[in-house]
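Undergrad: fold the following for me, if possible:
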Amino acid sequence: EEMRTNLEQVESVKTLTPAQAVQANHLLILYLNIVNTCRLSLQPRESRELVCLMLHSPPQGPEGDLFVKLSLCLYLSCSSLNASTEVGGMIRRWLTGLLQHAQEGGRKAELILLTGMHLYSGSYEMIGPILSQTIGLKVNVSAGHAATVQTLWAQVQTEEQIVAALTNLPVTPHLSSLVSGYLPVHCISQLINSRIPACPPNLFTWLPAQLCETAEPVPPVLCTLISGSVNYLMSNKGRSMSGISEEDLSSLLSPASNMPCRVLAFYYLLLHRRGVAELKSKLETQRGSLPLPQEYSVSLLGDDSAKTLLLHTRNNLHHYSAVHPTFLKLLVSQFPFLCDPQDLLAEDEAKAHVAKLGKNSAQFDVHAYLQQVRTALEGGDASRSLYLIRSMLKRQHDRVPSEVVAQCVPYAVKHGFRVQHAFAQLWEKSAALNPQQTWLNTARTLISSKLTEDDLWGNPLQLFQIPEDIACSTVGIRVLLHLLRGYVSLCRARLADSDPPNPSRAKDHEENKTLFLTLQHSAIVQLLLDLTSPPTLDENTAIESNHSYENSALVYNFLHDFFINNDGLSKLICWQTFKLDHIEGVVNGVPSLHVACKFTSNMLQQPSLQKQLFAARLLSHLAVQYPIQGTLQACNEMLQWAISQTSHNSTIWTALSLDSFVRIAKAFPPLADPVTRLLVNQKKLLAKYNPDLVKQKIEAHTGGKPFGNPQQLIDETFEKVTANILVRMKGS
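TA: All right, here's what the predicted structure looks like:
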C-alpha cells in the first residue's frame, strides 16, 4: 500500500524532478526485484500504475538516465505489462518516447539502440546479460516476451533507422579499456557481428574518428570491431563498400597521430591485406568473378613504420595485450623480414642493458659517438675501438645512424676477432632498430652505391658480390647472412603479393613462384658453402680466434633455417652435390639434413660417379650422427647394391669410399658382415683389372691427387672393420 501511495503521488506530475526521479528509481528497482528475483506477477492495477510512471518525462542528468534504463529493464522482464489493450496503447506511447530519448544521446541512448538491435537480429539471449551488467540487477528476458516486444518495436522504429542511429552516436573521447559501461563502440561492434543484414553506411567514416580518440590501454572491443568490419568487407554483403578511404588511412598512420591510433590503423591495414589475399585465392579456386574490395596503395606499408609499431607494442604489452598477439602474427606472415628472431633477441638484450644501468642510461649524441668509433677503426686502434663499441652497446638509444655503421664495416674487418665480434653486435643492433635502411646502406657500401632496394630483393644473389676477404671475416659473414635472411624474406613476401598476369593461369603462377624461390635458395646455399671452409678446431688454438669454425657454425645455422622453411630444398642440394670435404660439417651442423637418407638410394642409381661418391660419404656421416632405423636401412640398401655391382667403375667407387665403409661398420656393427663381403668381392674384381690402370683413373678423378695401391688400401680397411668388431666383442 505504501508503494501504491508513492506511485499515486508521482503520477500527479508530467515531468519528474531529480528528487522525484530518485524516488521513482527506488520504486522501479523494488519492482524489478519482485519480478526477477521473487518471481511474482504484477496485478493489473500495478501494471497500469507502473506504465503511467514510465510515461513521465525524466529530468536531465544521471537520475533521468537511470530512470529510462530501469523502465526499459522492467518492461523487457515483465510480460504482464502488455496484458490489457489499454496498457498496450500506453506502451506504444512509451516506446515512442523511449526512442526520442535515444536521439538525445548519452549512455541511455546506447543501451536503447543496443537492445533494439538484438531484438531485430533475434539475439534475445543477449539482452538479459546486457541489461543486468548495465544496472547491476538481475534481469530475466524470456524469448516469447522478447518476440512480442520486437513486434511492437518494429511499429515505432524500422531496422534501417536503428542501424543508422547506431553510427550517428558520437565517438567516445579518450577511449581506452579503463572506460567502463556500454559505449558506442560496443553497439557498433555487436551490430557488425549480429544477424542484421544491413550495415551502417557511414561505418567507415565513424571508425577513423573513433581511432583518433583512442588512448592507452587499447580496449579489446575496438580490436573486435576492426576485425569484424574487415570481415564484413570481405563478405558478399559488404563487398560493394569501400572501407576506410586511403586518405583517412594515410592520416591515421602519419607520425602526427598518437601511437594507439597508428597501431590500430596498421592493424586494420594488415587484416584488410590478408582478407583480400584469401578472397583472391578463394575466387581463383572456385573460378569466380565477383568484384574484389578496393586494395590500398603499397606506399601505406612503410616498413620503418611497421618496425616502429612492432617495437612499441612489444615494449608496452600491458597497454596492447588486446592487439599484440594478432598484430605480431600478421606482421610475421606479411613482413617476415621485420620479425627476425635474432633482431628481437638483440632488442631484448639492449633493453636489459638499459634496465641494469638505470638512471645512468641518459641519452647522448649517437652520431658523434659513432664517428669516434669509425675514426678509431679506420686508424687501426683496436683497444680504443673495442672500448668505444662496448660503451655504445650499453648506452640507451632508439636509433643508430645506419649510414655511419655501414661505412665502418670495411674498417672493422681489418681488426681481430674481439673487435669484429663487438662491431657485429653493434651492426645487428642498428639492423634491429632500423632494418631496411641498415641493409641498404651496408649493401651500397660493400657492393655499389647505385643499388636500390628493388635490386636487392629482386635478386638477393647480388649480395655475393661483397669482396671475399670481407665476406669471410667474422663481421662480414654475420652481415652477409643477416642481409640474405632479410632480402630473401622480403623477396618471398613481395612474390606472395604478386598477382598472375593471366588470372586463368593462377595455378601455374603459384608453381613458378615456388620453383623460382627453391632455385634461388639452392644457389644461395651453394655459394655460401663455397665461402666457408670445413670447420677444423686446433686443440692448441683458442676457439675465439678460430674464425673459420665460428663462420662455418653461423652458415650451418642459416642453412638449417633454410631447409626447415623449404621441404624440397635439402633434396635439391644433395642432388646438385657439393664439395665432399663439407659433408661432415654440414651433417653435424644442420640437423634438418637427417632426411637425406631417404633419397640416397636414388642417387646411387645415377650413372654419375660423383653423385654415387657423394651419396656414400653423406650416408656414412649420417650413420655416425644419426644411428637410427631409417639410416640403418639406407646403409644396408647401399651395401647390397654395391655387392651386386661388378663393373670397372664399381672398383673406383669402392676404392674412393673405403673411409665411408669404416664409418658405417662402426656406427652399425651388424653391417660389418656385408661390408667385409663387399671388400672381398671388390678385391677379386681388382685382380681381373690392371691395378696401375685403376690407380690412374682414381687419380684422374681426384684431380691428380696421389692415391695408394687399391688392393693394399682394401686390406687396411678390412683390418679396421675387423678391429672394430673385436673391440665391440671385448667390451660386451
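
Undergrad: do a quick rundown of the helices in the stretch 251-400 of the chain.
TA: 259-286, 303-315, 317-320, 324-334, 341-357, 366-378, 382-394 (DSSP state H, counting those that start in this stretch).

Undergrad: weakest of those in terms of mean pLDDT?
TA: Mean pLDDT values for the helices of the stretch 251-400 of the chain show the minimum at helix 341-357, a mean of 56.

Undergrad: what ranges does the stretch 551-700 of the chain have for its helices?
TA: 569-576, 583-589, 600-604, 609-625, 629-644, 648-656, 658-667, 672-688, 691-701.

Undergrad: make TSV from these and add distance to M126 and mean neighbour count to it.
TA: Where C-beta positions appear, they are placed from N, C-alpha and C, glycine not excepted. Shown next, in TSV, are the helices of the stretch 551-700 of the chain (distance: least, C-beta to C-beta, whole Å; neighbours: other C-beta atoms under 10 Å):
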stretch	distance to M126	mean neighbour count
helix 569-576	51	18
helix 583-589	58	21
helix 600-604	62	19
helix 609-625	60	22
helix 629-644	56	18
helix 648-656	76	20
helix 658-667	66	22
helix 672-688	73	17
helix 691-701	79	15
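
Undergrad: quick one: closest of the helices of the stretch 251-400 of the chain to S608.
TA: helix 341-357 (38.4 Å; C-beta to C-beta).

Undergrad: ok, back up a step: looking at the helices of the stretch 551-700 of the chain, which is nearest to P467?
TA: From those, taking C-beta to C-beta, the stretch that ends up closest is helix 583-589, at 23.9 Å.

Undergrad: the closest one packs against which elements?
TA: The helices and strands touching helix 583-589, judged by 3 or more C-beta pairs under 8 Å, 6 or more residues apart in numbering; DSSP states H and E, are helix 547-565, helix 609-625.

Undergrad: export the helices of the stretch 251-400 of the chain to JSON lines and append columns for mean neighbour count.
TA: As requested, the helices of the stretch 251-400 of the chain are exported to JSON lines (neighbours: other C-beta atoms under 10 Å):
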{"stretch": "helix 259-286", "mean neighbour count": "19"}
{"stretch": "helix 303-315", "mean neighbour count": "18"}
{"stretch": "helix 317-320", "mean neighbour count": "16"}
{"stretch": "helix 324-334", "mean neighbour count": "17"}
{"stretch": "helix 341-357", "mean neighbour count": "14"}
{"stretch": "helix 366-378", "mean neighbour count": "17"}
{"stretch": "helix 382-394", "mean neighbour count": "17"}
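
Undergrad: distance to L554 added to those helices, as a markdown table?
TA: Below are those laid out as a markdown table (distance: least, C-beta to C-beta, whole Å):
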| stretch | distance to L554 |
| --- | --- |
| helix 259-286 | 32 |
| helix 303-315 | 24 |
| helix 317-320 | 31 |
| helix 324-334 | 23 |
| helix 341-357 | 11 |
| helix 366-378 | 22 |
| helix 382-394 | 19 |
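
Undergrad: of those helices, which is nearest T702?
TA: Nearest of these (C-beta to C-beta): helix 341-357, 39.9 Å.

Undergrad: nearest to P401, of the helices of the stretch 251-400 of the chain?
TA: Of these, nearest to P401 by C-beta to C-beta is helix 366-378, at 5.1 Å.
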